[in-house]
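1. sequence below, structure please.
(chains A, B, C and D)
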Amino acid sequence: MSNHPNDYIKPELMACCGAREIRDGDIVVVGTGFPAMSANIARYTHAPKATLMQESGVFDARPARPALSVGDPCLNPGAAMIGGLTDVMGMFLQGGWVDVGFLAGSQIDKYGNINTTAIGDYEKPKSRLPGSGGANPIGALAKKVLIIALHNTRSLAEKVDFITTPGYLDGPGARERWGLPTDTGPQVIITNKAVLRFDATTKEAYLESFHPGASVDEVVKLTPWDLRVSDDVHETEPPRAEEIRVIREVIDPHRMITIYEKRGYV
Amino acid sequence: MSNHPNDYIKPELMACCGAREIRDGDIVVVGTGFPAMSANIARYTHAPKATLMQESGVFDARPARPALSVGDPCLNPGAAMIGGLTDVMGMFLQGGWVDVGFLAGSQIDKYGNINTTAIGDYEKPKSRLPGSGGANPIGALAKKVLIIALHNTRSLAEKVDFITTPGYLDGPGARERWGLPTDTGPQVIITNKAVLRFDATTKEAYLESFHPGASVDEVVKLTPWDLRVSDDVHETEPPRAEEIRVIREVIDPHRMITIYEKRGYV
Amino acid sequence: MGKVMSTADAIQQFVHDGEFLFIGGYVCRPPFAAIHEIIRQKKKDLTITRSNAADDFDMLIGAGCVKRFIATFISLGVYGLARCYRRSIEKGIPHKIELEEYTNLSLPLMLMAGAMGMPFVPVKDMVGTDLMNIKSFMGDGKYKMIESPFDGSPVMLAPALHPDVAIIHVQQADEEGNAQMWGIGGDCKWGANAARKVIVSCERIVSRETIGKDPSRTIVPAFKVVAVTEEPFGAHPGYTPGFYDMDLAYGYLYKEASNTVEGFQAFLDEWVFGVKDRTEYVNHYIQKFGYAQYKKLQAKFDYGYPVSYTY
Amino acid sequence: MGKVMSTADAIQQFVHDGEFLFIGGYVCRPPFAAIHEIIRQKKKDLTITRSNAADDFDMLIGAGCVKRFIATFISLGVYGLARCYRRSIEKGIPHKIELEEYTNLSLPLMLMAGAMGMPFVPVKDMVGTDLMNIKSFMGDGKYKMIESPFDGSPVMLAPALHPDVAIIHVQQADEEGNAQMWGIGGDCKWGANAARKVIVSCERIVSRETIGKDPSRTIVPAFKVVAVTEEPFGAHPGYTPGFYDMDLAYGYLYKEASNTVEGFQAFLDEWVFGVKDRTEYVNHYIQKFGYAQYKKLQAKFDYGYPVSYTY
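-> Okay, here's the model as predicted:
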């Protein structure tokens, strides 16, 4: 294996991008799939003291297999603490202890607002989605929010049909106006094509890096707002050998991650 | 043993007066001493389905001996539920489930207000008392509050030096004005001389019955406000044989109740 | 009259058309025995709530029992969107339910407020989003924005909820209803204690003495409980920690069935209307899928340590 | 650097003059090893809080460590009024502490609000009484009365509390600080989680694997904990469920001693300053009262049932 093996799939790269946002010691609230994968890559590589929690009430689970949901049976045996929603979402998240939250959504806009409620008109939706669940409070209260998205003009939007989860709302100053805690908000949008980061002033997502195989032009074309490009835009670092090893040998030996390819993350 | 044996002591009579205020099925929040004694007499006689809780977080304890405090070790083994203060004082009391609360105090006034904070001026007290603890919320939120007091002109007062625990505050309408739940408030003051009950209109305590050995005149004289006397004032029913049996054989075989005699309940 | 009764009797006596139900669970411990009974008894116009709803709520909606849903989220987990729910909202089949939407922070706190006798509770989420802008049957009572009287900052107050009935499934309870639970809690404790009446479904009825050996595990006290039903395997196809695993294969069956109105109806006919109670349901399950599959779901043996409360 | 350390090191590193301390306990589990160490290290100007305070708070007050006390109640239980506390308030010995008084409903809810990140919490008690009228160092921030924006009724809002440090004593914790407790809880869970840092004193340090066998018993997660100290018999003369009984005879000793300033000082000289740590304290206890008395306090053997979290 070279230092950056070539045989990775796009979801592996995306999971690594997420992992690299996590610092050692971070408290990470995770859902299933990418978030858990990213957090665990971080734990097994540069951030051994990062700890995970699930909104259902679980802290520092030791699942024997990847959890299929945040209430999965495998999260129970061996966890350090199990309570309920108000423990994790109340005491830990609203209490201000969560460093990193991971979110996905059917629609994401340039301010990092996320729609998981309804596509089309709320009253007569084209498609009714599951709703907020824990997404809104994680988006409101986690210090750093990482967003996972498909890169196309349906999943990304100038403005989402429904703001389920707050990004920067309608731009600079909005989170502060609503009394959301300072120094919280979306950090990055990780797509199957690129990594977008948020401008400190305008609060708009801009292009930081494009994944190997993609290009600035392609990414700009697939983004339905006038995407700003960083002066030092570059290719995303591919998965490192050690990251790939951890994914395939430790975290996900049954390759459940491949389902994301079927969902379009290619 | 006759149906009303003669060899009882005054604290036993008082405990029986408390017991008779409890109905079957009542949820009773108790302290130690009289309250626990009264509630248990009720349980072992006419109210087998009354259940007890202690503010510390205990529901339906099965202590092997009388508890010395509401946090006594003997309350742990065998209880039906143990949580914390917010379970009993929050979920059960503030939640509106507590039928009966028992309180005592160094000073009680005609409206059933109780002082357990300070005798004399608050800033420069003659005697600094323990404070509210659970008394204020029990007085505020239990449906029926039973008050235990020494009958003399120091313990009873026209107006207490400090209202730690609300009775009817400054009279009719006051509890409602402050938003205290409807149909709550003091029910009775049980002293070592008499049973006082509260007038539905004036909210003042009046004489309902005097204990055997006492008289209306004596009770009026020992009461520092213009004590109204019920039209059908009568002698308090002495302890029944069955009540005495329960106290001495079941609840308090070591006769801890006698310490109340030493404290002046004679 | 004791509280121990059949699920049919409990639902008959204590759940009435038009009432507001909290239904516990969070992937684990959905009270499916009771859910099926509500459908069998054709209860109507219910308002239902819990944080993170799943197949049990979808089934109640598809069966036409639900008028209103105080929601945060509903899906079939790995199997994606909840089909009956979507049909109701998108196409009005069998009718369009009304939704009032909160989050997995605000709703559990509103149930906590209900349990604690608090009139409302301050919540830090929701603000600035369309969850604020859209109000349904709770109208202006959905929340209130105030300026904090302490520091003037904007604060959202969410109202306390008081369900008429809570239905929960736990590992064990005694005959009076003292209910003990371990593992993932969701909003079960708050939802149950916020309700005026609680129906406790459990894997096993144990003695009051067993409860007293570990009272810190109790989440609902007897005096709130109106009915206790013993329903082993009662959360299937959900799981109960220490008892059995979730049944993904059966979940797939439901997903496939609920893709169409006809499929959903056939599913109800087989698994709900086709059996008279949970015993027949489990019997049907074993008849159809075999004892080996049933046995495979049973939890492995891995017990922890006992503790003492003595002095 | 691990979190496991001596109580002396924990107090030295994490408790500073002028800080705000939550100190857990409710007759059970007062963290006496830490209390004595605070006194030995002559900490000053502390603000201390918990619902229903007892001899440990009285001792800190008598030793002059305390400036302010957010209180609901303090006594020596069966031995009546707290002597050092009274001397402080009535006579200014060693100095008059400042008091802010709440109740056993409002204070635990204020700690809950602190733990939950709520800015304030509505409470139904206190209103109409002198506990409202008297305000001390919290001034107008003691509470606020508002009209409910939902129905106009008067509502008291009490502020969230955020102690700098919480010190609790529990049955067991692992080396990272995951702390497990059973039996009477008081306001321990909320107080600990409301604090910015937690010092966990425990009867026994157990493995992370043991914690994982019963995670529903955990009340504080590792990430809030800065120090773990193993102090068997650490709550004496209070009790720890499953470990040892309360020591009434010793309580009487303290009551008698604390009747006078001189007696109290002699008590500190013998039991606090006269020993260098908890081991010497227990050794002194056994030397003085005999092993039989020590043994008598040890809990009887009566274990409950283990449970499983498997699937």
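2. how close does residue A:200 sit to chain D?
-> 25 Å (CB to the nearest CB, to the nearest Å). For the C-beta atoms, the positions are set from N, CA and C on the backbone; glycine is no exception.
3. let me see the contact set for that residue.
-> The contact partners of residue A:200, by CB atoms under 8 Å, 6 or more residues apart in numbering or on different chains, come to none.
4. how about it, secondary structure?
-> coil (DSSP: H, G, I helix; E, B strand; the rest coil).
5. need the distance between the two termini of stretch A:59-66.
-> 15 Å (CA to CA, to the nearest Å).
6. contacts for it next, please.
-> A:32, A:36-37, A:51-54, A:67, A:72, A:74-82, A:87-88, A:92, A:251-252, A:254, A:256, D:178, D:212, D:215, D:218, D:221-222.
7. need the buried ones from those selected in PyMOL.
-> Typed into PyMOL, the line below selects the buried ones among the contacts of stretch A:59-66, using 16 or more other CB atoms under 10 Å in any protein chain shown:
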select buried, (chain A and resi 32+36+37+51+52+53+54+67+72+74+75+76+77+78+79+80+81+82+87+88+92+251+252+256) or (chain D and resi 178+212+215+218+221+222)
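8. so of the contacts of stretch A:59-66, which ones are in strands?
-> A:51-54, A:81-82, D:218 (DSSP state E).
9. now pLDDT and distance to residue C:156 too, for those residues, in a markdown table please.
-> As requested, the ones in strands among the contacts of stretch A:59-66 are exported to a markdown table (pLDDT from 0 to 100; distance: CB to CB, whole Å):
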| residue | pLDDT | distance to residue C:156 |
| --- | --- | --- |
| A:51 | 95 | 29 |
| A:52 | 95 | 28 |
| A:53 | 96 | 24 |
| A:54 | 96 | 25 |
| A:81 | 98 | 28 |
| A:82 | 98 | 28 |
| D:218 | 98 | 30 |
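10. correct me if wrong: residue C:241 contacts residue A:76.
-> Yes. Using CB atoms under 8 Å, residue C:241 is in contact with residue A:76, at 4.8 Å.
11. what sits in contact with each of these two?
-> Shared contacts of residue C:241 and residue A:76, counting by CB under 8 Å, 6+ apart, come down to C:28, C:183-184, D:309-311.
12. all helices of the chain, in order?
-> The chain I'm using is chain A. A:10-19, A:34-44, A:85, A:135-141, A:174-177, A:216-222, A:241-245, A:259-262 (DSSP state H).
13. should've been chain C
-> C:7-14, C:32-40, C:55-62, C:83-86, C:106-116, C:130-133, C:188-194, C:208-212, C:248-258, C:261-268, C:278-289, C:291-297.
14. turn these into a markdown table, including mean pLDDT and distance to residue B:190.
-> Output for those, formatted as a markdown table (pLDDT from 0 to 100; distance: least, CB to CB, whole Å):
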| stretch | mean pLDDT | distance to residue B:190 |
| --- | --- | --- |
| helix C:7-14 | 98 | 38 |
| helix C:32-40 | 98 | 45 |
| helix C:55-62 | 98 | 51 |
| helix C:83-86 | 98 | 58 |
| helix C:106-116 | 98 | 31 |
| helix C:130-133 | 97 | 53 |
| helix C:188-194 | 98 | 32 |
| helix C:208-212 | 97 | 31 |
| helix C:248-258 | 97 | 61 |
| helix C:261-268 | 98 | 60 |
| helix C:278-289 | 98 | 51 |
| helix C:291-297 | 97 | 59 |
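15. what's the closest of those helices to residue B:237?
-> Counting by CB to CB, residue B:237 lies closest to helix C:208-212 out of the helices of chain C; the figure is 33.5 Å.
16. that closest one packs against which elements?
-> Helices and strands touching helix C:208-212, by 3 or more CB pairs under 8 Å, 6 or more residues apart in numbering or on different chains; DSSP states H and E, are strand C:165-173.
17. could you rerun that using 7 Å?
-> The helices and strands touching helix C:208-212, judged by 3 or more CB pairs under 7 Å, 6 or more residues apart in numbering or on different chains; DSSP states H and E, number zero.
18. tell me the contacts of residue 206?
-> Chain wasn't specified; assuming chain A. Residue A:206 sits next to A:196-197, A:199, A:227-230 when contact means CB atoms under 7 Å, 6 or more residues apart in numbering or on different chains.
19. chain C was what I was after
-> C:172, C:174.
20. how much space separates it from residue B:83?
-> For residue C:206, the distance to residue B:83 equals 19 Å [CB to CB, to the nearest Å].
21. ok, whatever residue of the stretch 101-250 of chain C ends up closest to chain A to residue D:291 distance?
-> At 3.2 Å from chain A, residue C:185 is the closest residue in the stretch 101-250 of chain C, using CB to the nearest CB. From residue C:185 across to residue D:291, the span is 44 Å (CB to CB).
22. now do residue C:174
-> For residue C:174 relative to residue D:291 (CB to CB), the value is 41 Å.
23. more crowded one of those two?
-> residue C:174 (25 against 10; other CB atoms under 10 Å in any protein chain shown).
24. pop out the phi and psi values for the more buried one.
-> The phi/psi pair for residue C:174 (degrees, to the nearest 10) reads phi -90, psi 180.
25. and it, what pLDDT?
-> Note on residue C:174: pLDDT of 98.
26. list the residues that contact it.
-> C:205-208, C:211.
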